[in-house]
Every structure is written in C-alpha cells, then in structure tokens.
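**Q** Any chance you could fold what I've pasted below:
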Amino acid sequence: MELTGIHHLTAVSARIRDNYQFYTKVMGMRLVKRSVNQDDVSAYHLFYSGDKRGVPGNDLTFFDWDIAQEHRGTRSIIRTYLRVSGHDALCWWADWLADHGIDHAGIGELDGRATLFFEDPEGQRLALIDDGGDGALHQPWERSFVPAENQIRGQGPILLSVPKLHHTDWMLTNVLNMRQVRQYAHPDEGIVHVYEMGLGGPHAELHITEQPDLPPCQMGAGGVHHVALRTPNDEEFHEWTKLITSKGIPNSGEIDRYWFRSLYFREPNGILFEIATDGPGFSVDEDAETLGEKVVLPPFLETRRAEIVANLKPID
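**A** Purely as a prediction, here's the structure:
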C-alpha cells in the first residue's frame, strides 16, 4: 500500500478575483472546479489545473478567506513547485513572468533540476521546475494563454519547514511508507531532505527542511493550508484510515467530498496532511468541456444553492 504522489495543494487567498486573474491569465491554468469550502460555505474553493481534464496531481486550489497576510515561519508548507517540460519552457516563463510584472530570481539549478523561483501577487511562494518529461501524460488546455509546449504539467515537489526533522521523518517513513532518498543544499532554506512515494519522480516528492530557530507560521493569505496525497481507490483509502487510526494519530475520519474521498490528520510538527482518492473525479457532475464555468455544489449542499451563491463574490 503506497501513496502515488501529490493529489493537490490548497492555499489561502484574501483577493480571490485577483487570484482568479493571475492563475488563469498569467499562469495559464484552467479553473476546473468552481465550488465552495464544504466546511465554510461562505468561501469559494477554486481548483486550478495544469491539465485540461483536471485529473489528480495537477490541482492548485484556494480557499477564499478574508484573512490577514501569512506570518511566515516553520511548521508550515513554504513553497509549491510546479512542473514544466524542458529548459526552453523555463526560458519562456522567465520572459513571460517579467512581462507581467512578476519578479523572479532567474533560472538556476536546484536538486539537479533547472528551477525558476517567484511569488504570486499575494506572496504565495512558487517555483517552476523542469521535470524532464517525467510524470503522467499531460493534456494541454487549448484555451490557455500559455502555449501548449510551455504549459504547467502538474504538481512538483512540496517544500515543508519543520523545527525537528525526526518527528516528521517518523510519520513519513513509518506511517506513510515514504523513503528518504537524498539531501541537497537550498540557498535560502538550508539542507533539504527529499522523501519520495510510489514510483518516485518530481510529482511524488516531499522536501523537508529543519529550521528550529524560526517562530511558528501564522496561517494567512499567501500561505498554504494543507497538502493532499494520492491514493488510487476507495479500498486503499479505507486501509489508510485503519492504519492511521491504529497508530493513535488523531484524524478527521473519512469525509466524502463527492469528487474524491478525504482523510485529514497532522504530522507531529503540526502541518495538515490529507489523503485523497483519485476518483470519482471532477467530470462526475460536469461536462469535461465546461469544467469550472459555473458554481457546482456537492449534493448535500444543493438545497442551499440560492443562499450560498448569493453570498459569493463574482470573479469573472
């Protein structure tokens, strides 16, 4: 029983209209699901994908919360890597971001991969990496502002900061069946320890840096709420629930999000993890050609549609 990679990553935005403009028009991603936070229906939950189908492993998602800016620190997810294919694609992105007023550090090499660091307008720390064509087959979105050969191909590694590595190492290796495979020096974050899951590769890695001298992060806009890890089906999902519960790890219990099933728990340094199933998928209630064009709700919220939609901000 193994996790197969990053399912999605969920961050926080206090400027959801600007967020929508940036991720669709600058990053060229497709809004594949326009819904609400199922635990706080006053807030959008927007799912952007680098793949036209919105398949797991491609989603960068946002909660729409009126909240102060994140105070950066440890016990947090500190950078999201997104994959592109080839050095030429990174060169294109360097020019494209500069043309749109987005500062970046130029293309460098990190952990043996060409990398481009930058931030979104709310301070969400991002990077593009050359994945060398590794990972699942990408289906470009023909309506993207970004040419097909340069489009984002999905989630890359996720970088976490913890005050004590050995606690997190126990969770990753003894509970989640990951492997620590290497280390590298990060110019800003010190020594980074790489853990991989499944068959490995840039779409299936967690990168951990130990930063005991930093204060704890205070969640806010521009920060990351949680990372979700992929499991392929309901059968393995139930086994993960049994395993995590048997280890005495407090968890949410199984939650049906309609498009996938979710289990939430915190690793020992307090970072929120989710295990999510690959299915049923976003096309279970929308045509693949019109994903994300209207607000969709899981069935248990449909009776409240008028009330919920009336309280949402227009973003188009």
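
**Q** how far away is Y44 from W65?
**A** The gap separating Y44 from W65 is 9 Å, by Cβ to Cβ, to the nearest Å. Heads up, the C-betas are built off the backbone N, CA and C, glycines and all.

**Q** And D40, by the same measure?
**A** For D40 relative to W65 (Cβ to Cβ), the value is 8 Å.

**Q** Which residue ranges of the stretch 151-300 of the chain form helices?
**A** 165-170, 234-246 (DSSP state H, counting those that start in this stretch).

**Q** Figure out which of these is closest to V224.
**A** Nearest to V224 among those is helix 165-170; the distance by Cβ to Cβ comes to 15.6 Å.

**Q** And the strands in the stretch 151-300 of the chain, which stretches?
**A** Taking DSSP state E, counting those that start in this stretch to define them, one finds strands in the stretch 151-300 of the chain at 154-162, 179-186, 190-196, 205-210, 224-231, 255-256, 261-266, 272-277.

**Q** For the stretch 1-150 of the chain, just list every one of the strands.
**A** 6-13, 30-37, 40-49, 59-64, 76-84, 104-110, 113-119, 125-130.

**Q** Compute the inter-axis angle for the third one and strand 59-64.
**A** Note on geometry: by axes from the mean of the first three to the mean of the last three Cα atoms, to 10 degrees, strand 40-49 and strand 59-64 are set 150 degrees apart in direction.

**Q** now swap in the last one and tell me
**A** For the pair strand 125-130 and strand 59-64, the angle between their directions (the same axes, to 10 degrees) equals 170 degrees.

**Q** just how off-centre is strand 125-130 within its chain?
**A** 12 Å (Cα atoms, centre = their mean, to the nearest Å).

**Q** Show me what that strand is packed up against.
**A** Here strand 125-130 touches strand 76-84, helix 87-99, strand 113-119, strand 154-162, going by 3 or more Cβ pairs under 8 Å, 6 or more residues apart in numbering; DSSP states H and E.

**Q** Make JSON lines from those and add mean pLDDT, distance to S49 and mean neighbour count to it.
**A** Listed next are these as JSON lines, based on pLDDT from 0 to 100; distance: least, Cβ to Cβ, whole Å; neighbours: other Cβ atoms under 10 Å:
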{"stretch": "strand 76-84", "mean pLDDT": "97", "distance to S49": "11", "mean neighbour count": "24"}
{"stretch": "helix 87-99", "mean pLDDT": "97", "distance to S49": "17", "mean neighbour count": "16"}
{"stretch": "strand 113-119", "mean pLDDT": "97", "distance to S49": "20", "mean neighbour count": "19"}
{"stretch": "strand 154-162", "mean pLDDT": "97", "distance to S49": "8", "mean neighbour count": "26"}
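
**Q** Now these in a markdown table, please, with extra columns for distance to D285.
**A** Below are these laid out as a markdown table (distance: least, Cβ to Cβ, whole Å):
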| stretch | distance to D285 |
| --- | --- |
| strand 76-84 | 27 |
| helix 87-99 | 33 |
| strand 113-119 | 34 |
| strand 154-162 | 23 |
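
**Q** between the ones you listed, which one is nearest to T303?
**A** strand 154-162 (34.1 Å).

**Q** Could I get the CA-only coordinates of that closest one as CSV?
**A** Provided in CSV are the C-alpha atoms of strand 154-162 (Å, rounded to 0.1, in the frame of the first residue of the first chain):
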residue,chain,number,x,y,z
GLY,A,154,1.2,19.4,-12.7
GLN,A,155,2.3,19.4,-9.2
GLY,A,156,6.0,19.1,-8.4
PRO,A,157,7.6,18.7,-5.0
ILE,A,158,6.2,20.4,-1.9
LEU,A,159,8.7,22.1,0.4
LEU,A,160,7.9,21.9,4.2
SER,A,161,9.7,23.6,7.1
VAL,A,162,9.7,21.8,10.5
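
**Q** Any regions of the protein where pLDDT drops low?
**A** Residue ranges of the chain with pLDDT under 70: 135-136.

**Q** re earlier: now for the helices of the stretch 151-300 of the chain, which one comes closest to H138?
**A** helix 234-246 (24.7 Å).
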